[in-house]
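A.B. asks: Sequence plus predicted model, see below.
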Amino acid sequence: MAIDSQEFWLLTQAELQEMLMMSQKKQKQDAELLRMVIINAEYNVNRPKNRKEMPLFPQDEDEKIKVGSLDERGNIFK
């Protein structure tokens with residue numbers, strides 16, 4: 001949310017705090033997505049032979065990522 005300087009100085013403490021919280025939440029989501037992209041790419045580059053590539057996002061809305069595959073991704077950098 002972009003605001004000009006006049007509007008910024010008219011913000012209350014609660015409004016400013018809410019904007020900061022929203023910004024931090026967005027940054028956290030962006031960082032989490034970037035982390036998952038990197039982990040996914042690392043896994044796919046180094047995956048065992050004869051194993052399918054692990055998609056970053058499920059191809060079908062009904063398809064869910066298995067918990068085991070998430071654990072597998074997390075163990076890459078340990």
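C.D. replies: Looks like it came in fine.
A.B. asks: so what's Met36 closest to, chain neighbours aside?
C.D. replies: Closest residue to Met36 apart from its sequence neighbours, by C-beta to C-beta, 6 or more residues apart in numbering: Leu56 at 6.8 Å. For every residue, glycine as well, the C-beta is placed using N, CA and C.
A.B. asks: thought the one you found was touching Ile38?
C.D. replies: No - contact criterion C-beta atoms under 8 Å: Leu56 and Ile38 do not qualify, at 10.4 Å.
A.B. asks: Taking the centroid of the protein, which residue is nearest it?
C.D. replies: Centroid-nearest residue in the chain: Leu33, 2.2 Å away (criterion: C-alpha atoms, centre = their mean).
A.B. asks: distance between the helix or strand encompassing that residue and the chain's centre?
C.D. replies: Using DSSP states H and E, Leu33 sits in helix 13-45. Averaging C-alpha positions (C-alpha atoms, centre = their mean, to the nearest Å) puts helix 13-45 5 Å from its chain's average.
A.B. asks: Output the contacting helices and strands for that helix.
C.D. replies: Secondary-structure packing of helix 13-45 (3 or more C-beta pairs under 8 Å, 6 or more residues apart in numbering; DSSP states H and E): helix 67-74.
A.B. asks: what about 10 Å?
C.D. replies: Under the contact criterion of 3 or more C-beta pairs under 10 Å, 6 or more residues apart in numbering; DSSP states H and E, helix 13-45 touches helix 5-9, helix 67-74.
A.B. asks: buried sites along that helix?
C.D. replies: Neighbour-count burial for helix 13-45 flags 39-40, 43 (criterion: 16 or more other C-beta atoms under 10 Å).
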